[in-house]
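Trainee: sequence plus the predicted model coming up.
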Amino acid sequence: MNEGPRNSHPVGMTGRGLRRRRLARLMIVLAVLLPAVLGALLAFPPAMIGAMYTEPPDPLLPASVIGAGILAYVVGLAWMVRIYRADPEAHASFWRSRRY
């Protein structure tokens with residue numbers, strides 16, 4: 001297959017997996033930077049002319065929705081990191097077996 005030294009990878013490797021790992025690492029970095037940017041935007045809001053509401057809304061519903069969103073985001077990020085750190089060759093998968 002890849003018998004000659006055409007690239008710096010070992011014989012038989014194309015480097016496709018290494019490129020995918022770099023892409024996955026970039027996606028995790030972007031997933032961490034996004035809340036930081038949103039937090040900075042919330043910390044320094046633009047000046048408003050007047051009040052947005054005539055009466056203050058019930059604080060329980062917006063806080064619970066925001067809390068559920070943050071929890072879902074953290075769980076999704078932890079899941080991404082778990083998938084990234086897992087060994088892809090840890091066990092023989094059924095669909096990769098050479099039954100035929």
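Mentor: That came through fine. Numbering: from 1, shown residues only.
Trainee: show residues contacting stretch 76-83.
Mentor: Contact partners of stretch 76-83, identified using CB atoms under 8 Å, 6 or more residues apart in numbering, comprise 24, 27, 28, 31, 32. Yep, even glycine has a C-beta here, placed from its N, CA and C like the rest.
Trainee: tell me which stretches of the protein form strands.
Mentor: Assigned by DSSP state E, the chain shows no strands.
Trainee: would you map the helices across it?
Mentor: 16-43, 60-85 (DSSP state H).
Trainee: mind putting these into a markdown table with mean neighbour count and mean pLDDT?
Mentor: Output for the helices of the chain, formatted as a markdown table (neighbours: other CB atoms under 10 Å; pLDDT from 0 to 100):
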| stretch | mean neighbour count | mean pLDDT |
| --- | --- | --- |
| helix 16-43 | 11 | 87 |
| helix 60-85 | 11 | 90 |
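Trainee: tell me which of the ones you listed lies nearest to residue 8.
Mentor: helix 16-43 (10.3 Å; CB to CB).
Trainee: tell me the angle of that closest one relative to helix 60-85?
Mentor: 160 degrees (axes from the mean of the first three to the mean of the last three CA atoms, to 10 degrees).
Trainee: still on that earlier bit, can you lay out the helices of the chain as CSV showing distance to residue 8?
Mentor: Shown next, in CSV, are the helices of the chain (distance: least, CB to CB, whole Å):
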stretch, distance to residue 8
helix 16-43, 10
helix 60-85, 23
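Trainee: closest one of the contacts of stretch 76-83 to residue 61?
Mentor: Out of these, the member with the shortest distance to residue 61 (by CB to CB) is residue 31, at 26.8 Å.
Trainee: next, the contact list for that closest one, please.
Mentor: Contacts here follow CB under 8 Å, 6+ apart; on that basis residue 31 touches 76, 77, 80.
Trainee: can I get the contacts of stretch 76-83 in TSV including distance to residue 18?
Mentor: Converted to TSV, those look like this (distance: CB to CB, whole Å):
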residue	distance to residue 18
24	11
27	15
28	16
31	20
32	22
